[in-house]
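> Next one to model:
(4 chains)
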4 protein chains.
Amino acid sequence: MTENTLRMGMVGGGQGAFIGDVHRLAARLDGKIDLVCGAFSRDPDNCIATGRQLGLEASRCYTNYDEMMRAEAALPEDQRMHFVAIVTPNHVHFPVAKAALEAGFHVLSDKPATLNMEEARELAAIVQKHDTLAYGLTHTYLGYPLVGAARQIVADGGIGKVRKVYVEYIQGWLAGEVDNKQADWRTDPARSGISGCMGDIGTHAHNLAEFVTGKIMTHVAADLSVFVEGRRLDDDGSALFRMQDGVKGVLSASQVCVGNENTLSIRVYGETGGLEWNQEEPNTLIRTYTDRPTEILRAAQGYLPADVQAGFRTPPGHPEGYIEAFANIYLEFAEALQTQGGVKAGMDAALRGMAFVEALVESSNNNSTWTEITV
Amino acid sequence: MTENTLRMGMVGGGQGAFIGDVHRLAARLDGKIDLVCGAFSRDPDNCIATGRQLGLEASRCYTNYDEMMRAEAALPEDQRMHFVAIVTPNHVHFPVAKAALEAGFHVLSDKPATLNMEEARELAAIVQKHDTLAYGLTHTYLGYPLVGAARQIVADGGIGKVRKVYVEYIQGWLAGEVDNKQADWRTDPARSGISGCMGDIGTHAHNLAEFVTGKIMTHVAADLSVFVEGRRLDDDGSALFRMQDGVKGVLSASQVCVGNENTLSIRVYGETGGLEWNQEEPNTLIRTYTDRPTEILRAAQGYLPADVQAGFRTPPGHPEGYIEAFANIYLEFAEALQTQGGVKAGMDAALRGMAFVEALVESSNNNSTWTEITV
Amino acid sequence: MTENTLRMGMVGGGQGAFIGDVHRLAARLDGKIDLVCGAFSRDPDNCIATGRQLGLEASRCYTNYDEMMRAEAALPEDQRMHFVAIVTPNHVHFPVAKAALEAGFHVLSDKPATLNMEEARELAAIVQKHDTLAYGLTHTYLGYPLVGAARQIVADGGIGKVRKVYVEYIQGWLAGEVDNKQADWRTDPARSGISGCMGDIGTHAHNLAEFVTGKIMTHVAADLSVFVEGRRLDDDGSALFRMQDGVKGVLSASQVCVGNENTLSIRVYGETGGLEWNQEEPNTLIRTYTDRPTEILRAAQGYLPADVQAGFRTPPGHPEGYIEAFANIYLEFAEALQTQGGVKAGMDAALRGMAFVEALVESSNNNSTWTEITV
Amino acid sequence: MTENTLRMGMVGGGQGAFIGDVHRLAARLDGKIDLVCGAFSRDPDNCIATGRQLGLEASRCYTNYDEMMRAEAALPEDQRMHFVAIVTPNHVHFPVAKAALEAGFHVLSDKPATLNMEEARELAAIVQKHDTLAYGLTHTYLGYPLVGAARQIVADGGIGKVRKVYVEYIQGWLAGEVDNKQADWRTDPARSGISGCMGDIGTHAHNLAEFVTGKIMTHVAADLSVFVEGRRLDDDGSALFRMQDGVKGVLSASQVCVGNENTLSIRVYGETGGLEWNQEEPNTLIRTYTDRPTEILRAAQGYLPADVQAGFRTPPGHPEGYIEAFANIYLEFAEALQTQGGVKAGMDAALRGMAFVEALVESSNNNSTWTEITV
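The predicted structure follows:
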C-alpha cells in the first residue's frame, strides 16, 4: 500500500453474489485501492467468511452498514476507509449511500443509484449538501476506452451532426424461469424497482447513448413486455426515442433473447460518418465514412487519442475486457478523489437513469405515448 | 430455348436503370426464361438501343406498354410472351399490371405492387377476376434459401413460441443529396407514393419478418424522419410492432446510416431458441439454443432440409448471392406458372406491404400512435 | 442472341457432373454466350438427355468430341460454335483441347490444362502453332473483382515491396472415405494426374499467389500427405515457397480439414502494408497499414478503381459470389476473343500450374528438399 | 493479505518495461499474491522509483538480484518472499533463476527460460536438484481457459485422431526499424539468443500446438528470414513440422506482417472434427464436425467442462482477456505451490521450447532440411 492508496469499504458482495467479486477484482487490479472493511451480507456468518477469505481483519468485518459507518468514522484518519463501494441489490443502494455520505464517506455505487425517482432526488440533495464528498456510479461500460474514443470522435465532429442512434442491450439468460439469487432479486419489484430488464440493463444502453452522442435523451415511446409467465417485471422492451438537437433513435433491451450473452451495442450515424461498437468485442471500434472504406479502430493503437491509449494496460492485440473496463471506473474515481475532491459525476447519471426508467414505464403503461424524461 | 422455356416481356429497365439489368440477369441465369420483347423506356431511342443490346428483334422493341400488350396478344401462341416483368418506377407498376392482366398475360412485378392502397385493392380485384393468370411480386430477399430454412425451423417449433423480432434494412447511400436517377424517383411522392425509405426498403423488412415468423404484423407505432433537408419523403424510420400471437418487435429502415450498404437483417427469438440472418452474409444462418453452443448453419450443407439444399446451385463454400436469390424468385414463378397456373402468391404480399406502409405513415403523422395494419 | 453473341460447344458436363452446370450458369449469365452444342458424356443417353434438357437441337448433341469437332467445322460459319469449353475430368482435358485447336476452335479449359507436364508442353506447342486461336484456362478465383483490386494495389506499390505471402486452400469434404463421382476421379491417378489435393486445389492457391503479387513462384519445399487410408493421391499438403525478388511464403492445401468448406484465402504483406482476402467472403478485401487503421474495402464501392467496379453487376451490399466470378472468366474470355483474337493468357498459367505440381511432388518425395519450379 | 497469500519478489520490470507491469497486474488481480520486494532494474534510481510507486518498503527495493536473494533469505520466514518472478530480458533469465533456486526460492520465469540449450540443461539440473522448489514458466496463452477446453476436447477424442495443425503467431510491429527498448533487446543476439521472432513468439506457437494436441513436436523444416535490412536476428519464419503419431503441421511466426497485432491462432483437425482458436478473440472456440453445423463455444458457458468454467471470473458475455489469462498462470502457480510443493511443470516446457528454437535455426541454416527437436 502506497501513500496514495485509497482505502475502500464495501457494502454487499458476500459469498454467492456475482457483482461484489467483480468490484473487488476491478478495485484491486491497479494496486491503488485496498479493501479494508466490509458489511458484505445481512448474514453475519457470510460477512465473516467473506471478510476472512479476503484477508480482512475480523474487527472490520461488520454485520450491518450502519455499524460500519460508525466504527470506521471512529478510526484514526490514516486507517479508516476513504470511500464506500455499494454492491447490494438495488433497493439498498439509497439507504447505504445516504448513511455513508452522512457519516462523511465518499460513495461509489452500483447502478441504479436508487429504487425510484423520489429517492434519487433525495439522494441528489444529500450529495449536494456534502460538497467535499464525491458520489460516483459504476456505469461499467463507459470504462471501455474505445467508448471514450467514440465520444471524442463525435464531439470533434468526426461523423458530422448526429442523426440516428441504435442502441441495444440484449441477453438471453432469463428466457425461462431461472432459479438463482441473481434472477431472484432482479425480478422482484420490492428489490429492483418498477422495472426489471430496463432498470437492470436498459439503463446501460441509455447511458451509453447519451455518453457517446453527448446529447440528452428527452422523450421515449416504449413497449415493455413480460414474456415469461408469472414474472412480475418486464423482461424485454423496446423504445423509440428522441434526443436533443433532432437526434432520433431506437433502444432495445431484453433478457429473453436466447443465445445472447451480454450484447450491449451502439451504432451512431451522423451526416458524414458513423461509429459502431459492441461490448462483446470491446477492442474494436468501427468507423464509417461516406466516400472512404470503413475503418477498424483497435485498442491501444498509436492513432488513437493519447488519453484513449492511456486507458489500455497492454499493447495492441492483447485483448482487454470487462474487468479492465470496470477497473477503469474505479481508477477514474480514485483519481478524481485525489485531485478534485467532491466530484459528483455520478449523480447526474443517476438522476437521468432513474428518470429514463420512469418515463419508459409510464409510456409503456400509457399505450406507448411519447413521454418526456424529466429529471 | 427448350419446350419448357418461358417467354418474358419487360416493361421498364432501359439503359441507365439499375433494377432492369438485375431482373434480366436473374431471369436468364437458369436458362428457363427468355426475354423476347420489351417496352424498356418512354424514350423510343432508349427502347431500341436497349432491345438491340439485348439481341431482341426490332419488331418486338415497343415504345409503350399498351402497344406491347396489343402486339404480343396478336402473335401466334407459340411466339408471344407468356408473362410481363414490371421493373418501372413505383407509380407505373399498377397501370402496367392492369394492362397486362387485362390483355391476358401473367405478371411478375417489382415491389411495391402499386402506388397506394386504393390501387392495390383495385389490382387485387383484377387479379382475382383473371383466375387463370398468375400475379407475382419480386420480394427478392425471400429468394435466399437460408431465409427459407429460417422459416422452416420456426414453423417446426425449432425455437419454440416466437416472442421477439428485430428486423432492419439499413443503407447509407442517401445520407447526402444524391444526384442520380435512382435517388430521384425514390424521393418523389408522385413516383414513389407516400413513403420513401419505408416504401422502398422498409417493406422488405416487413415482408421478411412475416415470412420467417409465419405471423401477420398487426400494429405499428412509427416514427419516420426526413434527415436530409429538402427531401420530400422519409429517408429513415423506426417502428415498434406487434404481430399475431403476442409476438413483438422493432423494425428500422434507413437510407442515411453512413457506411451501411444494404444491411437487411433479422433476428427472431422464441422460448427455446433464436435465429439470426443478414443479407450481406446470406450463406450463413445463426441458430441459438438455451443450453447448447450456438450453431452456424451454412449454405448447401447436407444437414439442411432437402428443399433448402435444392435452392443452391453450387456446393458449400461457393458463395451465392443476390443474383442467385433473385433468380430463385424467377425460377419459382416460372415453375408455379407451369405447374399451378394462376397462382396469386404475390397479391397477398402486395396488399400487406401497402397496408404496412400506410399504417406506418398514419402512425408517424399521428404522434406514433399504435395503428392497425388493415388490408 | 445478338450479333456479338458467341456460340459455345461443351465437352463434358453431362447430368450428374458438378462443374458442367457451373460452367453453363457462368456462360449464360451475361447473355453474351450461347451453348449451341455439346459432347456431354461418353454415355450417349446422357448426352441426349443433357442436350435436350438444355434445349439443344438433337443434331448438335454429339456422343464424342471428335465427332463434334468434325460436324461443327462442317457447319456454316454463322452457325458453328466459336469455342469449346472443356469440363471433363483432368485426363481428358488435353486430348479435347488438342482436337479442338486442330479443328480450328478456340478453347476454354477447366484446370489443370493437362494431366502432366509433358502434355502441357505439347499443348503449349499446339497453342503456339495456331496463332489465331485463343486458349483460356478457368482459374475461377481470379474472376472475383476484389482479387483484381488486390493485384492492382500491390502493383501500384500500395503495400511496398512484397515480403511474405500466406495462401491456403482448405476443404474438409474428403476427411473420410467419400463415395461419389466427384471424389472418385479426384483420387484416381489415371484421371487426376500425380497429385490429388494439390493438383485439384493447391494449384488455385499457387495461381492466386502469383496473380496477386505479380511474382513468379520459383522454389518449393513440400510435405504432401495421404491421411485417409487407402487413398492413392495426396489429400493434404503444405509447402514453404520462394518467389522472385525475395518474396517468401507458405502454401497449404487440404481436403481433410473437417468443417472447412472452400477456404481459399490469401494474405500478402509488404514493407508498408498488407492485404487479406478470403473466397468465402469475396466481397471484402482487408487492407492494412503501418500507422493507420485497417480498412475494409467492399465490392462495387466508388473508391475502387473503375475497372474493378466494372467487374460487379450490382451495387454495394448486394453480395456477388462464385457464379458471378466464374461468369467474369467467361466474359473476359469472350471479350478477349472479340477484341484480341488469339489470346494465349491461359497457356502460361497452365504451364506454371503443372510445373508447380510436379515440383511439389518431387520435393515431397525427396524429403522436402527445395525444388525449382521449371516450366 | 490472508494467511494464504503468497509473497512475491520480482527481478526486472522497472519503469519503462512492458512485461513487468503485466506480471504485476496478473499477480495482483486475484488477491492471492503480494509483491513484497524487487530488483527492478540495473539502475538504482529506477529500482527505487519503481518500488516506491508500487508501495514497497524502501529496504526491500534491491539494486541487484544477488543482494535480493541474500537479504530475503535472511528475513524471518513469515516475511520473506516465497517466490521470484523473473521478467528481465532473455539473457538474464537463467542467472536469476539459478540464483533464486540456490537461495531456496521458487521461481516463476518469463519465457524463454534461458538463452540457449546449454543453459537450459544446466537449469534443468538445478531445478531437479532442488526437489522441494517449484519452477514455472509463464506461457501466458495457456492461461486462456478455452485453450484448456480445446486440449480437453482433443484428449477426449472429440475430433478423432489428430491429423493436421496450423499454428501461427503473427505481428507487424517490427515491419520497419523500430526505435524502442522492446524492439532493441529482441533483435540483439546477446540478449535474445540465436533467434529473434521465433524465440520471442514462435515458441508460444510451438507450445500452444503441443499443449492442445497433447503431442510432442519431433521434426521441423524451417525457413527463417530477416526482412528488415540490418537486423541481426530473424523477424519472420515458417516451418513445416511433424509431431508424434503422424500429426503434421505448419507453424508461422512473423513480426513484419503489417497490420497484425498479436495474432496467435491455432487450427487443429482430426479424423472427425476440428477446433479453431484465436488469441485476439479468446472467448470463442470454434468446433467443427463432419456432418453437423459448426459450433461456437463461448467463455463461461454452462456447457463447458466444470474446470474450464472455473477459469473465468465473470459470466458469459463479459469478455476476459490477456491480463486474466496471465493471472490464471499466476493463480495456477500459486495453487500448485500451496498444494503440490516443488512442481516442475515449467521445466519441461522450457527445455522443449529451447530445443525447438535450436532445431529451427539449424534447419533454416541447413537449407530447410528436416531437423529433429532434441531435448
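
> Need the phi and psi values for the residue in the stretch 1-150 of chain A that chain B sits nearest to.
Taking C-beta to the nearest C-beta, chain B has its nearest neighbour within the stretch 1-150 of chain A at A:Ala150, 14.0 Å off. All C-beta spots, glycine's among them, are computed from the backbone N, C-alpha and C. Backbone torsions for A:Ala150, taken as degrees, to the nearest 10, come to phi -60, psi -50.

> quick one, what contacts it?
Residues near A:Ala150 by C-beta atoms under 8 Å, 6 or more residues apart in numbering or on different chains: A:Val212, A:Ile266, A:Val268, A:Leu275, A:Trp277, A:Leu285.

> did I read that right, the third one in a strand?
I take that to be A:Val268. Yes. Under DSSP: H, G, I helix; E, B strand; the rest coil, A:Val268 falls within a strand.

> Make sure it is actually in contact with A:Thr213.
Yes. The pair A:Val268 / A:Thr213 is scored as a contact, 6.0 Å apart, by C-beta atoms under 8 Å.

> Between those two, which contacts overlap?
A:Val154, A:Val162, A:Val165.

> Could you measure from the residue sitting nearest the centre point of chain A over to D:Glu102?
Geometric centre of chain A, nearest residue: A:His139, 2.1 Å, by C-alpha atoms, centre = their mean. Separation of A:His139 from D:Glu102 (C-beta to C-beta, to the nearest Å): 52 Å.

> same thing with A:Ala74?
50 Å.

> okay, the two: which has more neighbours?
D:Glu102 (13 against 8; other C-beta atoms under 10 Å in any protein chain shown).

> For that one, report the pLDDT, please.
Note on D:Glu102: pLDDT of 97.

> which residue packs closest to the residue nearest to the centre of chain A, ignoring adjacent ones?
Spatial nearest neighbour of A:His139, excluding adjacent residues (C-beta to C-beta, 6 or more residues apart in numbering or on different chains): A:Asn207 at 4.9 Å.

> In which helix or strand does the one you found reside?
helix A:203-213 (DSSP states H and E).

> quick one: that helix to chain centroid distance?
Put simply, helix A:203-213 sits 10 Å off its chain's centre (C-alpha atoms, centre = their mean, to the nearest Å).

> Name the residues that touch that helix?
For helix A:203-213, using C-beta under 8 Å, 6+ apart, the contacting residues are A:111-112, A:139-142, A:147, A:150-151, A:154, A:162, A:165, A:167-169, A:216-217, A:241, A:243, A:247, A:249, A:251-253, A:264, A:266, A:268, A:275, A:277, A:349, A:352-353, A:356-357.

> which of those residues are buried?
A:111-112, A:139-142, A:147, A:150-151, A:154, A:162, A:165, A:167-169, A:217, A:241, A:243, A:247, A:249, A:251-253, A:264, A:266, A:268, A:275, A:277, A:349, A:352-353, A:356-357 (16 or more other C-beta atoms under 10 Å in any protein chain shown).

> Strands - which of these land there?
Residues of the buried ones among the contacts of helix A:203-213 located in strands (DSSP state E): A:162, A:165, A:167-169, A:217, A:241, A:243, A:249, A:251-253, A:264, A:266, A:268, A:275, A:277.

> What helices and strands are in contact with whatever helix or strand A:Glu72 lives in?
A:Glu72 is located in helix A:65-74, with elements delineated by DSSP H and E. Secondary structure elements in contact with helix A:65-74, counted by 3 or more C-beta pairs under 8 Å, 6 or more residues apart in numbering or on different chains; DSSP states H and E, are strand A:6-11, strand A:33-39, strand A:83-86, helix A:93-102.

> Can you give me the distance of A:Val212 to A:Leu360?
20 Å.

> likewise A:Phe227?
In terms of C-beta to C-beta, A:Phe227 sits 17 Å off from A:Leu360.

> With neighbour numbers in mind, choose between these two.
A:Leu360 (31 against 23).

> Look up which helix or strand the closest residue to A:Gly31 other than its chain neighbours falls in, please.
Take A:Gly31 and drop its neighbours on the chain: the residue closest to it by C-beta to C-beta, 6+ apart is D:Arg28, 5.7 Å away. For D:Arg28, the host element (DSSP H and E) is helix D:19-29.

> So what's the residue count around A:Ala155?
A:Ala155, neighbours per other C-beta under 10 Å, totals 11.

> list the contacts for it?
Counted by C-beta under 8 Å, 6+ apart, A:Ala155 has contacts A:Gly214.

> do the same with A:Thr272
Neighbouring residues of A:Thr272 by C-beta under 8 Å, 6+ apart: A:Ile159, A:Gly160, A:Tyr289, A:Thr290, B:Ala175, B:Val258.
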